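**Q** test case, fold it:
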Amino acid sequence: VKVVESGGGLAQPGGSLRLSCEASGFAYSFYAMSWYRQPPGKKREYVAAITGGGGAIDHADSVRGRFTISRHRVKNTIYLQMNSLKPEDTAVYYCSVRPRQADGGFWGQGTQVTVSS
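**A** Sure thing, here's the model as predicted:
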């Protein structure tokens with residue numbers, strides 16, 4: 001299983017970025033995919049998750065109303081639309097995929113998001 005994130009970069013406070021995550025190496029729709037982030041000097045934290053079958057979604061309280069997780073209709077690809085960015089959103093953002101319910105998570109290498117004026 002391979003997981004690749006993209007779309008990170010530098011944004012100003014109040015700005016927007018869109019992250020993408022593509023999972024490959026398995027020939028069926030994923031069970032669940034998630035976004036996590038690790039701010040500088042802090043532990044990795046949960047951001048949002050989406051299921052493959054029913055499309056159920058969940059967002060952490062810290063990003064609810066500003067970030068939106070979604071998925072491609074066909075591909076094993078998810079997105080994270082990040083609006084109203086704050087400096088405290090600065091972190092390396094990681095994507096995790098569980099191809100099947102019984103699987104553990106497979107992780108990508110992460111993409112850096114920096115929010116600064």
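**Q** drop to CA atoms for contacts and neighbour counts, all remaining ones
**A** OK.
**Q** check which helix or strand covers the spatially most central residue of the chain.
**A** Taking CA atoms, centre = their mean, the centroid of the chain lies closest to residue 35, which sits 3.0 Å from it. Assigned by DSSP states H and E, residue 35 falls within strand 32-38.
**Q** quick one: mean pLDDT over that strand.
**A** The average pLDDT within strand 32-38 is 97.
**Q** so how far is it from its chain's centroid?
**A** Distance of strand 32-38 from the chain centroid (CA atoms, centre = their mean, to the nearest Å) equals 5 Å.
**Q** give me the contacts around stretch 106-116.
**A** The contact list for stretch 106-116 (CA atoms under 8 Å, 6 or more residues apart in numbering) reads 1-13, 85-98.
**Q** right, and the helix or strand after the strand holding residue 35?
**A** Downstream of strand 32-38, the first helix or strand assigned by DSSP H and E is strand 45-51.
**Q** please save the CA atoms from that following strand in CSV.
**A** Extracted C-alpha coordinates of strand 45-51, given in CSV (Å, rounded to 0.1, in the frame of the first residue of the first chain):
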residue,chain,number,x,y,z
GLU,A,45,-3.2,14.8,16.5
TYR,A,46,-6.4,13.7,14.7
VAL,A,47,-7.9,16.1,12.2
ALA,A,48,-10.7,14.3,10.2
ALA,A,49,-11.8,11.0,8.8
ILE,A,50,-14.0,9.6,6.1
THR,A,51,-15.3,6.1,5.3
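**Q** buried set for the next helix or strand after it?
**A** Following strand 45-51 in sequence order, the next helix or strand is strand 57-59 (DSSP H and E). Neighbour counts over strand 57-59 (16 or more other CA atoms under 10 Å) mark 57, 59 as buried.
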